[in-house]
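Student: sharing a sequence plus its predicted fold:
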Protein chains: 6
Amino acid sequence: MRENRLRTLFADKKLALNGWVSMGNSLLAEVLSHSGYDAVTVDLQHGLFSIEAAVSILQAISTTGAVPLARCSENSLGEINKLLDAGAYGIICPLVNTREDAEQFVRACHYSPRGGRSYGPARGVLYGGADYFTHANRTVLTLAMIETKLGLANAEAIMSVPDLDGIFIGPADLAIDMGLAPDNWKDKQVTDAIQSLVALGAQLGKYIGIFAGTVEMAQRMKEYGLDMVAPGTDIQLLRAEAQARIAALR
Amino acid sequence: MRENRLRTLFADKKLALNGWVSMGNSLLAEVLSHSGYDAVTVDLQHGLFSIEAAVSILQAISTTGAVPLARCSENSLGEINKLLDAGAYGIICPLVNTREDAEQFVRACHYSPRGGRSYGPARGVLYGGADYFTHANRTVLTLAMIETKLGLANAEAIMSVPDLDGIFIGPADLAIDMGLAPDNWKDKQVTDAIQSLVALGAQLGKYIGIFAGTVEMAQRMKEYGLDMVAPGTDIQLLRAEAQARIAALR
Amino acid sequence: MRENRLRTLFADKKLALNGWVSMGNSLLAEVLSHSGYDAVTVDLQHGLFSIEAAVSILQAISTTGAVPLARCSENSLGEINKLLDAGAYGIICPLVNTREDAEQFVRACHYSPRGGRSYGPARGVLYGGADYFTHANRTVLTLAMIETKLGLANAEAIMSVPDLDGIFIGPADLAIDMGLAPDNWKDKQVTDAIQSLVALGAQLGKYIGIFAGTVEMAQRMKEYGLDMVAPGTDIQLLRAEAQARIAALR
Amino acid sequence: MRENRLRTLFADKKLALNGWVSMGNSLLAEVLSHSGYDAVTVDLQHGLFSIEAAVSILQAISTTGAVPLARCSENSLGEINKLLDAGAYGIICPLVNTREDAEQFVRACHYSPRGGRSYGPARGVLYGGADYFTHANRTVLTLAMIETKLGLANAEAIMSVPDLDGIFIGPADLAIDMGLAPDNWKDKQVTDAIQSLVALGAQLGKYIGIFAGTVEMAQRMKEYGLDMVAPGTDIQLLRAEAQARIAALR
Amino acid sequence: MRENRLRTLFADKKLALNGWVSMGNSLLAEVLSHSGYDAVTVDLQHGLFSIEAAVSILQAISTTGAVPLARCSENSLGEINKLLDAGAYGIICPLVNTREDAEQFVRACHYSPRGGRSYGPARGVLYGGADYFTHANRTVLTLAMIETKLGLANAEAIMSVPDLDGIFIGPADLAIDMGLAPDNWKDKQVTDAIQSLVALGAQLGKYIGIFAGTVEMAQRMKEYGLDMVAPGTDIQLLRAEAQARIAALR
Amino acid sequence: MRENRLRTLFADKKLALNGWVSMGNSLLAEVLSHSGYDAVTVDLQHGLFSIEAAVSILQAISTTGAVPLARCSENSLGEINKLLDAGAYGIICPLVNTREDAEQFVRACHYSPRGGRSYGPARGVLYGGADYFTHANRTVLTLAMIETKLGLANAEAIMSVPDLDGIFIGPADLAIDMGLAPDNWKDKQVTDAIQSLVALGAQLGKYIGIFAGTVEMAQRMKEYGLDMVAPGTDIQLLRAEAQARIAALR
């Protein structure tokens, strides 16, 4: 089975950069995947599209060496199974607030006996190889989002779930739940939380990723020792550059 | 943030007319939205399409002054969040039978601390404005469907949920659950139920909407004092006019 | 091969009623096809969609007994061949202004030796049957649009093309080319033109169809002896009924 | 209402052959439906598409006499209702492990008083007929998948649910849950399980279907007395023939 | 009819900034249209999509004040008519090399007696208004691309066509035809050509637009006195920002 | 720029096997591309889809080593340019009957000075590489279809066009034009024509490809010394295997 290069990067303590596809267009995904990211995530949660677009986006990513990830819209075995069948090499699951949430999530990502994933990896065998079934359980990455105060309080319990590979921090939702504006990641409550999660990850041997809307934030996250950073969505990139060019020309 | 004109209409005690899109075509939605409705609902429950079509339909509605609403396919945070992210200014949730159902529904529609909506309003900020986050909780309408005998029995408990703005009556399902044919809205059981819900709404300060497949029924609902009426789906409109023209020409 | 029931209707001097799909949605097409039309036309000219939608619309029509027709966007062998491959049982070609236009059109609709249609009827054999190739040339209907003053002047030359089955009048474009508003079909110039084309059709043994935006116009066309009338597009039907219902409820 | 021919086949003890659509293309579905299957299933579980494609696939199947079935992606009332609204004449539900799962599933498939299906059969009335509501509850087939050791242990309880018509065995998932490779259907554990389920079906008056990836397996299943066999997915058919032709030509 | 604000800008000698959609996604188009451009062009020539996507993109643009333009894939009446029917307020036509090309192009854009456009403006009347037909001929902009040495040689003849509003320069194709690399716009041959066309436009009263892949080039074009500049495609914006962020973080 | 492996295969006198995608589904294309073909052709002529589907199919092919080819629907610069922009590494053009047709075709495939291709290779640079422009003219394959008696008569003139790489024989259309059934490739008229074209190719240094619906025909073509054979479309493969399995089980 094709290896999951993110695991190698993480093992080598190299920061993985993660592109983010929230518009349902496969050419856009291919453009991003050719830009130099280590991984590209197709976002089914805030991305306004469904599985058809996700499949074509995963195909587009697969024309490059970037590792294809997907964020599911909710902790649902049905949807997670489709994304894995479609060749995603890792799942980011939103709103994991308890150990039970995390256990349910990782069960959905693994075949028996480690979980209850149903068999039918149509694109999995194309992208991964004919021996997909044999290696899938240890290839696919499972990343639980911690993005609420409750999730934060339960972080150790969540990160102690054996088959969970790591967490992915949602700083906007975390800020909101702390009573802050969504982009207020510089608030000490938020940065403390992030740093404590990074420390916990180091202690428990789990990977820690995060979303960062700006380069400034992404650089700070790099300094904090995150394993993976997603420096902006496709929409943020597009708008930033469009507005910069328009401003330069007015 | 762009105001929700339905709230103004309701406050002014004016009947709101609601167009209904159950075919997944954005040109159709634009044609309907230009026909004079106060709001247009994209129906993810009995409409046979998913979020991609819903987004393009919401875009089509947004070319006009009609307020964009959406009916979700079920009481699911994941789907409701996508519809709100896509710029829906109100959600109609089917099969709300208990107070717990209603609470779960309104939590999905609001950001913390009023709920657990996740942040990422890609189209919300385009349609609503840059200050979307600040005002979204009090702009978005939450309408729970009462369409079973159980929901009817729990109507007061449901309508007492603080963040719920109102209900939307499903007369066909209600009739079926009463042992009647789905179009038998004239049966006294059904009309009594509708009128009691209208009275309860007046008492509890909640808006009451309804679906009405024919003009005759819509007129009766207007007399009953409903706040919002959806006088037929796109399919019903199309079929009615096609059959009338064919009959006239045979 | 499945017969073309329009040919039978025309032979029996029965008025054929033709539904008109200009929105690219297959459920809409299926609803219309179940409404009682003798034929349903998928409009690639003013319909804002392309061949994918046309295929699914032709599939939808094929679930009923209505004869599937298509209007091409221009007199192009490539597009006409695709529509026939997709199972259309007749082609309406816009803007046929000269005998050469008509000859080019009918050549695109027939296999050698009667024309230059290329072989590959993927849906043709599914809808028509395994003997499609043997009978296609005499089953498929060819209807040339006369909708300019030039086309009108050349009507006899056009209608004398042997493999052309008939014409389809475009009254809006004809009116515009006569210096009138597009909906001014009652002007004597237009009605005279229509009646002269009907007379010419009777003389030359060709079928005469027309588009009619309202029931009133369709009834007049029936009186004039047209073979086929399309009484309104899907958009016209939808808007008429929506506006009527809204007016009734305001 | 149009009859469900599978019920007749089952009553006549004739083996039903079931085509399997897991690629979201309606022309492909129409090609398969014309190939001679008794039923064709649109697979929303491992098929990488959503409801729009499912609708167009169901339309394609409806151009033939094959009975349209659907496999939902999970035991969800919202999705099952959409598939039934779209004209599916039977639902195959994955991962039914307990009697409670089975009861939830059949409730989603039936209108009150037998269940909680919501009313709005847009394509149901087109495919089934105007009297759809009256007959739907006894026309639509409900088939629960048994594909885990837990489901197997609970088979009698599951099959005793009154409104459940039968089961559909998932041999790959069952094999995995037994510690075998997914294609190891010849293992005695699996064949014993299949035969015991067939015996239980005969005893309890329930239909037993199964998926079979190869002709060899399908033939064995026929010998075992299954009521319905799905001899390979569209992907399996395509790949088998492509590889055979390539091998012959190298 | 809704006015064409580009005509006002041009009359006021204000530089119009033009967004460029070459990926077929309507959310992307809406994001761009909200970024501050005066117009947004949907590109059917090098954009890898067809009319369905173009319609949804034009709908997205119509939710804002940006003027919707379209570039057709070739000088084809059929395609140009569809784009105008879909609500485009201007057409950019590639590869206009001769006066005959220009005459054919403008005929396709206007109703009789100024041209041969066919009537059926489904979205035109929605976006433009009910009086669309009366004003369309003088509202819609016609911009011919000059992008070959032959076109350059014929520039005066092309720009003398009465109903042509202006030209749009294709600097990459022009450079290639001059034997240069496509991005070699700084070569004197190219800048001389651009400046001569600007001068010719001033003399003949025609608008001059251009595509400019970088801000540097766009600024130079502004200095040259162009009326409209398209400062980069969506793909260029996205890639530029993605690569900049990745470079900053490595 | 990524090399065109077909050129190497042809130079090495190895038979190239060509998969054929005529259903507009990218997963299907990916399955075929993983089956062992040397090239896979996306067919815009008899394939019932348009450029959006073609792009996603080309992306799917690009996940493998198979060379992506496209057949255009007609000899149109606009469409051919889109297919090349989308990353096709070769174009098969139908109905090339004269030297003028061939010259028009090859001009559409090459940048100036060898042709009039317009610059904008959005996917070309992703698939081919950043130096796409420099090498595209000598990388892209141009294959003209000879499939009429006229084309056959003009074969030497067609094949003498310098920038034409070879021809692709359409045996079904050729048979029809000779007065035979489309599948009558064994007729001496057809086999003589094929063999004479192979001989002419050897003499003029041009590649000769052909479509072959069955393995038997493909093997004969291999014996004749063809350079490339397309042994059946996706539809033919699917139907053959479906019918074989059904026959085995009845």
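Tutor: Thanks, I have the structure now.
Student: now the helices: where do they sit in chain A?
Tutor: Counting by DSSP state H, chain A has helices at residues A:5-11, A:26-33, A:51-61, A:77-85, A:99-109, A:124-128, A:132-139, A:149-153, A:155-159, A:171-177, A:188-204, A:215-224, A:234-249.
Student: out of those, nearest to chain D?
Tutor: helix A:77-85 (3.4 Å; Cβ to the nearest Cβ). Where you see a C-beta, it was placed from the backbone N, CA and C, and this is true even at glycine.
Student: put the alpha carbons of that closest one into CSV.
Tutor: What follows is helix A:77-85, C-alpha atoms only, in CSV (Å, rounded to 0.1, in the frame of the first residue of the first chain):
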residue,chain,number,x,y,z
LEU,A,77,-19.7,6.3,10.3
GLY,A,78,-21.6,6.6,7.0
GLU,A,79,-19.9,9.8,5.8
ILE,A,80,-16.5,8.9,7.2
ASN,A,81,-16.6,5.5,5.4
LYS,A,82,-17.4,7.2,2.1
LEU,A,83,-14.4,9.5,2.5
LEU,A,84,-12.1,6.7,3.2
ASP,A,85,-13.6,4.6,0.4
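Student: avg pLDDT for it?
Tutor: For helix A:77-85, mean pLDDT rounds to 98.
Student: could you do stretch A:92-112 as well?
Tutor: Stretch A:92-112 comes out at a mean pLDDT of 98.
Student: list the buried residues of it.
Tutor: Under the neighbour-count criterion of 16 or more other Cβ atoms under 10 Å in any protein chain shown, stretch A:92-112 has A:92-97, A:99, A:101-112 buried.
Student: out of the residues you listed, which touch chain E?
Tutor: The subset of those lying close to chain E, counting by Cβ under 8 Å from any Cβ of the partner chain, is empty.
Student: residues in chain A within reach of chain E, list them.
Tutor: Within chain A, the positions adjacent to chain E are A:15, A:17, A:19, A:23-25, A:27-28, A:31-32, A:35-37, A:48, A:215, A:218-219, A:222, A:229, A:231-232, A:234-235, A:237-243, A:245-246, A:248-250 by Cβ under 8 Å from any Cβ.
Student: can you do 7 Å?
Tutor: Within reach of chain E by Cβ under 7 Å from any Cβ of the partner chain, chain A has these residues: A:17, A:19, A:23-25, A:27-28, A:31-32, A:35-37, A:48, A:215, A:218-219, A:222, A:231-232, A:234-235, A:237-243, A:245-246, A:248-249.
Student: would you list the helices of chain A in JSON lines and tack on distance to chain C?
Tutor: Rendered in JSON lines, the data for these read as follows (distance: least, Cβ to the nearest Cβ, whole Å):
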{"stretch": "helix A:5-11", "distance to chain C": "36"}
{"stretch": "helix A:26-33", "distance to chain C": "16"}
{"stretch": "helix A:51-61", "distance to chain C": "13"}
{"stretch": "helix A:77-85", "distance to chain C": "23"}
{"stretch": "helix A:99-109", "distance to chain C": "32"}
{"stretch": "helix A:124-128", "distance to chain C": "24"}
{"stretch": "helix A:132-139", "distance to chain C": "31"}
{"stretch": "helix A:149-153", "distance to chain C": "41"}
{"stretch": "helix A:155-159", "distance to chain C": "44"}
{"stretch": "helix A:171-177", "distance to chain C": "36"}
{"stretch": "helix A:188-204", "distance to chain C": "46"}
{"stretch": "helix A:215-224", "distance to chain C": "40"}
{"stretch": "helix A:234-249", "distance to chain C": "25"}
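Student: residue D:67: which of those is closest?
Tutor: Among the helices of chain A, helix A:77-85 comes nearest to residue D:67, with 24.1 Å by Cβ to Cβ.
Student: what does the closest one rub up against?
Tutor: For helix A:77-85, contacts defined as Cβ atoms under 7 Å, 6 or more residues apart in numbering or on different chains pick out A:44, A:51, A:54, A:70, A:72-73, A:91, A:108-109, A:116-118, A:120-124, A:140, D:46, D:48, D:73-74.
Student: what residue lies at the spatial centre of chain A?
Tutor: Closest to where the C-alpha atoms of chain A average out (Cα atoms, centre = their mean) is residue A:92, at 4.2 Å.
Student: residue contacts, that one?
Tutor: Neighbouring residues of residue A:92 by Cβ under 7 Å, 6+ apart: A:41, A:69, A:71, A:143, A:145, A:168.
Student: so what's the closest residue to the third one other than its chain neighbours bridging to?
Tutor: Spatial nearest neighbour of residue A:71, chain neighbours left out: residue A:92 (4.1 Å); criterion: Cβ to Cβ, 6 or more residues apart in numbering or on different chains. Taking DSSP bridges as the rule, residue A:92 bridges to residue A:71, residue A:143.
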